[in-house]
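Visitor: Here's my sequence, what's the structure:
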Amino acid sequence: PQHKTQAKKLEKFEPSVSGLVLLLGLKREYPQLAHHNFFFSKDPEEEFKQIFEEKRPADDPTVYIGISSKSDPSQAPEGKENHFVLTHVPPLKEGETWEKYKTSYRETVISKLERNGLTTIREDIEFEMTFTPDDLQSLYGANGGSIYGVVANKKKNGGFKIPSKSELISQLYFVGGSTHPGGGVPMVTLSGQLTADLIAEELTIQQKTAVR
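Guide: Okay, here's the model as predicted:
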């Protein structure tokens, strides 16, 4: 059947990495931090191997912290900071849940930050909200909790994304991080524009055909 053939074609589009996000309200300021901060893995090759080949959270992850209050003080109470903490983790496999990692991996991230100079961060947290791959999947319908759509795999899909128009259902179009041109807010916005242009172009062709 045609739908099985189409499903087979889509197998080459695997979800990209997911993430563990900690939203932290801290009761003090950290003068050593900027708006954007990276705490890299000591061994990036090992980190990538664990995430992409072994499909498990890295033992020593790269951690990003974004602090919008550094640029806009109104984003946090005076003398305090808001930290957006992101660590990349593998997407969920079918039927898998992040629940078994939720507590232990938070500890991995917080401990790493303590080792890298944020020695009192554990005691400084007065507000915390966590987004796991489970949350990203249920809230946004992201396959496996992916935060960048599908992977650009040269061997499997030639680096391409899912086409913007269905090959199975007439007048069904797709938009978002898994479609062309890819993930990230600017790319998703461009995806919307390109898909809208495609729809407008096909409507024009239909109208011209109808007139004839």
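Visitor: residues touching residue 27, list them.
Guide: For residue 27, the contacting residues are 79, 80, 124, 125, 126, taking CB atoms under 8 Å, 6 or more residues apart in numbering as the criterion. Heads up, the C-betas are built off the backbone N, CA and C, glycines and all.
Visitor: and with 10 Å instead?
Guide: Listed by CB atoms under 10 Å, 6 or more residues apart in numbering, the contact set of residue 27 reads 77, 79, 80, 81, 120, 123, 124, 125, 126, 127.
Visitor: Kindly provide the distance from the nearest residue to it once chain neighbours are set aside to residue 58.
Guide: Using CB to CB, 6 or more residues apart in numbering and skipping residues adjacent in sequence, the residue nearest residue 27 is residue 126, 4.8 Å away. Distance check for residue 126 against residue 58: by CB to CB, to the nearest Å, it reads 28 Å.
Visitor: now do residue 87
Guide: On the measure of CB to CB, residue 87 and residue 58 end up 8 Å apart.
Visitor: what's the answer for residue 19, then?
Guide: Counting by CB to CB, the separation of residue 19 from residue 58 is 12 Å.
Visitor: what's the answer for residue 203, then?
Guide: In terms of CB to CB, residue 203 sits 48 Å off from residue 58.
Visitor: Same drill for the two, tell me which one is more crowded.
Guide: With neighbours defined as other CB atoms under 10 Å, residue 203 and residue 58 compare such that residue 58 has more, 23 against 11.
Visitor: Per-residue pLDDT of that one, please?
Guide: According to the predicted model, the pLDDT of residue 58 comes to 97.
Visitor: what residues are up against it?
Guide: If you count contacts by CB under 10 Å, 6+ apart, residue 58 has them with 41, 43-44, 46-52, 87-90, 105, 108.
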